[in-house]
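Undergrad: Fold the stuff below for me.
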Amino acid sequence: MDPSALSALDLVLAGLAAVAAGAVNALAGGGTLITFPTLTALGLPAVAANVTNTIALAPGHLGATLAQKRDLAGQRARVRRLVPAALLGGLVGGLLLLYTSERVFRHLVPFLILLASALLAVQEPVRAWLLRRLGAHAHASHTAWTPGGAREAWAVLPVFAASIYGGYFGAGLSVIVLAALGLLIDDSLTRLNATKQAIGFTANGAAAVLFLFSGQVHWVAALVMAVAAIAGGAAGGRLAGRVRPGTLRLVVVTVGVVVGVVYLVRG
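TA: So this is what the prediction gives:
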């Protein structure tokens with residue numbers, strides 16, 4: 001895109017939104033519900049805004065994955081099975097986005113935002129349910145968790161399907177993936193969360209690489225937002241003990257619902 005499409009003030013606003021998104025992602029998740037509407041409000045076409053947003057927030061996904069690298073120990077076979085499905089799904093989702101017309105995507109935007117808001121709203125109940133389920137299983141089996149098994153192999157299918165959504169829009173992907181993993185894989189929530197991060201990074205990263213060559217990226221905004229999101233993530237990490245994630249999540253969900261309804265009303 002033409003760098004002149006956004007003014008200096010617009011870039012400052014995009015950067016501030018990315019700082020907020022980075023902090024929110026570090027504390028509760030849902031940063032895309034801040035940055036994507038900001039980019040469209042600044043005048044970027046919806047598809048270009050989504051593409052730019054995906055590239056801008058990609059470094060944050062990498063950071064989250066590296067932060068949980070230790071919890072991936074002993075999961076090599078699982079990662080080798082699921083990451084290719086996430087990679088393929090992310091590419092499919094990215095291609096679907098690039099082949100979606102601006103008009104059609106703008107009609108889908110309010111529903112995507114409302115879906116992402118709903119996923120973020122159920123994030124904590126899903127996590128609590130998984131803790132109960134996995135805890136009950138561990139108590140019943142009295143055995144150590146080990147990757148593998150016929151049921152675990154079926155996780156490839158929902159991971160692939162969720163990654164298509166991740167490559168297409170992405171907000172709320174972690175909730176879908178974690179729920180699917182918890183249903184089909186018997187392991188600790190900490191280890192499943194690390195696997196989820198690797199899957200999310202792969203799906204979003206695959207789409208981001210595809211978008212690099214799409215001609216839809218507003219590069220100045222993407223670079224400004226990437227730096228700002230990293231700074232916001234670092235700040236969010238320092239605030240982790242002072243801010244209640246549940247409260248912040250409620251704020252983000254409320255903002256997402258309001259934004260989604262506004263898009264829906266405006267058509």
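Undergrad: give me the low-pLDDT residue ranges for this protein?
TA: 1-4, 28, 134-151, 237, 240-241, 243, 267 (pLDDT under 70).
Undergrad: Can you give me the neighbour number for Ala67?
TA: 14 (other CB atoms under 10 Å). C-beta coordinates here come from the backbone N, C-alpha and C atoms, glycine included.
Undergrad: show me the contacts for it.
TA: If a contact means CB atoms under 8 Å, 6 or more residues apart in numbering, then Ala67 has Gln197 as its contacts.
Undergrad: Relative to Tyr263, how far out is it?
TA: 33 Å (CB to CB, to the nearest Å).
Undergrad: all helices for the stretch 1-150 of the chain, in order.
TA: Here the stretch 1-150 of the chain has its helices, by DSSP state H, counting those that start in this stretch, at 8-27, 32-41, 46-67, 76-98, 102-121, 123-141, 150-153.
Undergrad: could you dump the ones you listed to CSV with distance to Val159?
TA: Conversion of those to CSV gives the following (distance: least, CB to CB, whole Å):
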stretch, distance to Val159
helix 8-27, 21
helix 32-41, 20
helix 46-67, 15
helix 76-98, 5
helix 102-121, 16
helix 123-141, 16
helix 150-153, 11
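Undergrad: Could you say which of these is packed most deeply?
TA: helix 32-41 (a mean of 24; mean count of other CB atoms under 10 Å).
Undergrad: neighbouring contacts of it?
TA: Counting by CB under 8 Å, 6+ apart, 13-14, 17-18, 20-21, 24, 46, 49-50, 52-53, 56-57, 109, 113, 116-117, 120, 169-171, 218, 221, 225, 229, 252, 255-256, 259, 263 sit against helix 32-41.
Undergrad: rerun at 7 Å
TA: 13-14, 17-18, 20-21, 24, 46, 49-50, 52-53, 56-57, 113, 116-117, 170-171, 221, 225, 252, 255-256, 259 (CB atoms under 7 Å, 6 or more residues apart in numbering).
Undergrad: do you know how far the residue lying closest to Arg81 once chain neighbours are set aside is from Ile230?
TA: The shortest distance from Arg81 to any non-neighbouring residue, by CB to CB, 6 or more residues apart in numbering, is to Val156 (6.3 Å). From Val156 across to Ile230, the span is 32 Å (CB to CB).
Undergrad: With Leu248 instead?
TA: 19 Å.
Undergrad: cool, and Gly167?
TA: Distance from Gly167 to Ile230, by CB to CB: 22 Å.
Undergrad: Just give me how far the helix or strand hosting Leu157 sits from the chain centre.
TA: Assigned by DSSP states H and E, Leu157 belongs to helix 156-168. Distance, stretch centre to chain centre, for helix 156-168: 12 Å (CA atoms, centre = their mean, to the nearest Å).
Undergrad: could you check the angle helix 76-98 makes with that helix?
TA: Using axes from the mean of the first three to the mean of the last three CA atoms, to 10 degrees, the direction of helix 156-168 lies 40 degrees away from that of helix 76-98.
Undergrad: And the next helix or strand along the chain from helix 156-168, what's buried?
TA: Per DSSP H and E, the first helix or strand lying C-terminal to helix 156-168 is helix 173-184. By neighbour count on 16 or more other CB atoms under 10 Å, the buried set for helix 173-184 is Leu173, Ser174, Val175, Ile176, Val177, Leu178, Ala179, Ala180, Leu181, Gly182, Leu184.
Undergrad: Out of those residues, which comes closest to Ala206?
TA: Leu173 (12.3 Å; CB to CB).
Undergrad: residues contacting the closest one?
TA: Counting by CB under 7 Å, 6+ apart, Leu173 has contacts Ala162, Tyr165, Gly166, Gly200, Ala203.
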